[in-house]
Every structure is written in C-alpha cells, then in structure tokens.
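A.B. asks: Sequence plus the predicted model coming up.
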Amino acid sequence: EAQVTQNPRYLITVTGKKLTVTCSQNMNHEYMSWYRQDPGLGLRQIYYSMNVEVTDKGDVPEGYKVSRKEKRNFPLILESPSPNQTSLYFCASGTTPSYEQYFGPGTRLTVT
Amino acid sequence: QKEVEQNSGPLSVPEGAIASLNCTYSDRGSQSFFWYRQYSGKSPELIMFIYSNGDKEDGRFTAQLNKASQYVSLLIRDSQPSDSATYLCAVNMDDYKLSFGAGTTVTVRA
C-alpha cells in the first residue's frame, strides 16, 4: 500500500529535550516536506527536500532541522523544543510540488 | 500580505445547495493550484487540481482559475453532509515551494 508514515503519532515532552519525528514514504517520491498546522493559520511549510541531500527552508524553519540521507526518509529534528512548537505536524511527499502531495497521518506534539 | 488567502468561513449550507469557496494568491507566476479536503482529526487529501485558466469539473466539484485576477475557486454542487470538512487551497509558488491558505470550514446542514 502506497503511504506516508510518521512516528510517533502523539508526543508530550518538556522544553529543551531533543526529539526526532520520523517520516517515511514508499512511493519513490523525490519531493518531501514538513508542515505544521495551527488553528487559524493553516498549513505552514517548515522545510522541504527536492531529493537526497537537497533540503531548503520553508516559511517557518526556526527551531527545526531536517536531513535527507535516503530517498524514502525525511526526519524532522527539534534540538531544543519550546512551548511555541506545540502543534500538529504533517509530513508529505510527491513527485514534485506541482503535483499531488500525499500526507502522513500527523504527529501531535505538546511541549510543556 | 499572506501568500494564499481564503474566505475565512465558517460556511454553512443546506444539503443540496452549492458551496462556493474562494482563494487568492500573491505570486502572479504561480502555475499549479490545488484544493485539499481535511476532515477533523485527519490529514489533508487532494480533491482537485487545476493548471489552466477556466473551469475544471470532477463529479460534484468544479475548480475555477483566473490567473489575471489571481484567484481560484471551488464549487461543491448538491452538497452532502459528508462534504462537511475544512477545505485548503494550495498554490505552487515556484519550482520548490507549496503554500497553503488557512482553510475554510464547511458545514452542510441536513
């Protein structure tokens, strides 16, 4: 089954404790991206990747890091989480941003 | 100015009516336009895409694009309770970036 998976689905953590949210797709897509979704603000792009070892900042990259060492995986790293990073996070993949994006199930992160 | 703006909603329509959703975008060079539907607690899913000026119909959904006026709209005909969701407009701003609007929540009253 073609899909994008994210782990964990839910996470409660404390300020400053490094965490990684994993994202994996099995559709051989070159383009992958991370979004955060907050009430009234819609989906805001954090980082995107056009291919292996090619990543770039989206609209809200502060406080986040990503890596793309393999085509299928695109982890999101929060090295020192803060409460303002409490949000719903989605990973997505597609052939390019000009075509359909397939979204993962989402990760709800709470930072206390 | 936000890059992609949608009518704020919420939008409440009776069953069987037409729901009309609007979206404007700031980058005149944008080439690809999408409508995603998101049910509460779920991830977005694509329902329509449009690349050329004019109308594109798919079942009960019609997307309309006017590049000169920089707007794209979505019409939902014969609205059903199952259409109750948040609808997200997305625009491919350049070769690499995809920007979303804040979404319009639609409620279809039975």
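C.D. replies: Noted; the coordinates are in hand.

A.B. asks: outside of the least confident helix or strand in chain B by mean pLDDT, which residues touch it?
C.D. replies: Of all helical and strand segments in chain B, the minimum by mean pLDDT, DSSP states H and E falls on strand B:98-100, at a mean of 92. Around strand B:98-100, the neighbours that count as contacts under C-beta atoms under 8 Å, 6 or more residues apart in numbering or on different chains are A:33, A:35, A:42-45, A:48, A:59, A:97, A:101, B:3-4, B:25, B:36, B:88-93. From N, CA and C alone the C-beta is placed, and that goes for glycine too.

A.B. asks: filter those to the buried ones?
C.D. replies: A:33, A:35, A:42-45, A:48, A:97, A:101, B:3-4, B:25, B:36, B:88-93 (16 or more other C-beta atoms under 10 Å in any protein chain shown).

A.B. asks: Just the element for residue A:28, please.
C.D. replies: Assigned by DSSP states H and E, residue A:28 belongs to neither a helix nor a strand.

A.B. asks: what's the neighbour count on it?
C.D. replies: Using other C-beta atoms under 10 Å in any protein chain shown, residue A:28 has 10 neighbouring residues.

A.B. asks: So which bits of chain B are right by chain A?
C.D. replies: Contacts of chain B with chain A, taken as C-beta under 8 Å from any C-beta of the partner chain, map to B:6, B:31-32, B:34, B:42-46, B:49, B:88, B:90, B:92, B:95-103.

A.B. asks: mind running it again at 6 Å?
C.D. replies: Residues of chain B lying near chain A by C-beta under 6 Å from any C-beta of the partner chain: B:32, B:43-44, B:46, B:92, B:98, B:100-103.

A.B. asks: Which strand in chain A has the most residues?
C.D. replies: The residue-count maximum for a strand in chain A (DSSP state E) belongs to strand A:42-51.

A.B. asks: Now tell me what touches it from outside.
C.D. replies: For strand A:42-51, contacts defined as C-beta atoms under 6 Å, 6 or more residues apart in numbering or on different chains pick out A:30, A:32-37, A:55-56, A:58-61, A:64, A:66, A:68, A:74, B:100-103.

A.B. asks: Just those: which are in helices?
C.D. replies: Among these, no member falls in helices (DSSP state H).

A.B. asks: Of these, which belong to strands?
C.D. replies: Those of the contacts of strand A:42-51 lying in strands (DSSP E): A:32-37, A:55-56, A:66, B:100.

A.B. asks: Closest one of those to residue A:20?
C.D. replies: Within the ones in strands among the contacts of strand A:42-51, the smallest distance to residue A:20 is 10.1 Å, found for residue A:66 (C-beta to C-beta).

A.B. asks: What is the neighbour count of the nearest residue to that closest one once chain neighbours are set aside?
C.D. replies: Leaving aside its chain neighbours, residue A:66 sits nearest to residue A:47 (4.4 Å; criterion: C-beta to C-beta, 6 or more residues apart in numbering or on different chains). The number of residues packed near residue A:47 is 23, by other C-beta under 10 Å.
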